[in-house]
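In: no FASTA, just this:
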């Protein structure tokens, strides 16, 4: 019974947040993040035990991200004439991601003195243009700009997941490549 009440209240709060995001033009995801943080602080303040959701949160997050990307992509038309447009959005997604990943990783290495691979893995989520925020916020743009944001943020999400999994799963290969780069740079000095 309590679970049903919590689910109903959550749906009502999400509806209120969606309505308020239309008037303030702030993405509802940001409101929901702030609401979740505030509820967590209230529960901690009153010593209310929260159920452990760590097992299902990754799955729920993945489903939510897929739904957001699908909702945004429903308005897109894939035509041969748009391939150049899609290429531009791909370049716009990947180039800033790689540049910021390198810069943030270097800052993390110098600030934390951790190994480069761990710093790269921690920098990737900071480099992704989140479609959870970008796509809902694009509803106020004109059609070409909205399409560009949808393509760019969706590609950025996909590339971010691919990069993260590549560096995480292929740690041995990644460490060998990074060691080779360090060895070459030390030879050139």
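Out: All right, it came through fine. Note that the structure is predicted; figures quoted are calculated from it, not measured.
In: Tell me which residues touch the residue nearest in space to the middle of the chain, please.
Out: The centroid of the chain falls nearest to residue 130 when counting by CA atoms, centre = their mean (3.9 Å). Counting by CB atoms under 8 Å, 6 or more residues apart in numbering, residue 130 touches 29, 153, 156, 157. Where you see a C-beta, it was placed from the backbone N, CA and C, and this is true even at glycine.
In: Looking at those residues, which two lie furthest apart in space?
Out: 29 and 156 (15.3 Å; CB to CB).
In: mind listing the helices for the chain?
Out: 2-24, 28-45, 57-73, 83-112, 116-127, 131-137, 143-169, 171-188 (DSSP state H).
In: what is the mean pLDDT for the second one?
Out: Looking back up the chat, that one is helix 28-45. Mean per-residue pLDDT for helix 28-45: 83.
In: give me phi/psi at the residue nearest to the centre of the chain?
Out: Torsion angles at residue 130 (phi, psi; degrees, to the nearest 10) stand at phi -70, psi 120.
In: What of residue 54?
Out: Dihedral angles (degrees, to the nearest 10) for residue 54: phi -60, psi -30.
In: Report the separation between it and residue 61.
Out: Separation of residue 54 from residue 61 (CB to CB, to the nearest Å): 11 Å.
In: which stretches of this protein have low pLDDT?
Out: The chain contains residues with pLDDT under 70 at 1-3, 171-189.
In: Format the helices of the chain as JSON lines; extra columns: mean neighbour count.
Out: Compiled in JSON lines, the helices of the chain are given as follows (neighbours: other CB atoms under 10 Å):
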{"stretch": "helix 2-24", "mean neighbour count": "11"}
{"stretch": "helix 28-45", "mean neighbour count": "13"}
{"stretch": "helix 57-73", "mean neighbour count": "13"}
{"stretch": "helix 83-112", "mean neighbour count": "14"}
{"stretch": "helix 116-127", "mean neighbour count": "18"}
{"stretch": "helix 131-137", "mean neighbour count": "21"}
{"stretch": "helix 143-169", "mean neighbour count": "17"}
{"stretch": "helix 171-188", "mean neighbour count": "11"}
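In: OK, contacts around the closest residue to residue 121 other than its chain neighbours?
Out: Nearest residue to residue 121, sequence neighbours excluded (CB to CB, 6 or more residues apart in numbering): residue 167, at 5.5 Å. Remark: with contacts taken as CB under 8 Å, 6+ apart, residue 167 is in contact with 117, 120, 121, 124, 174.
In: Surely the second one touches residue 101?
Out: Meaning residue 120. Yes: the pair residue 120 / residue 101 is scored as a contact, 6.7 Å apart, by CB atoms under 8 Å.
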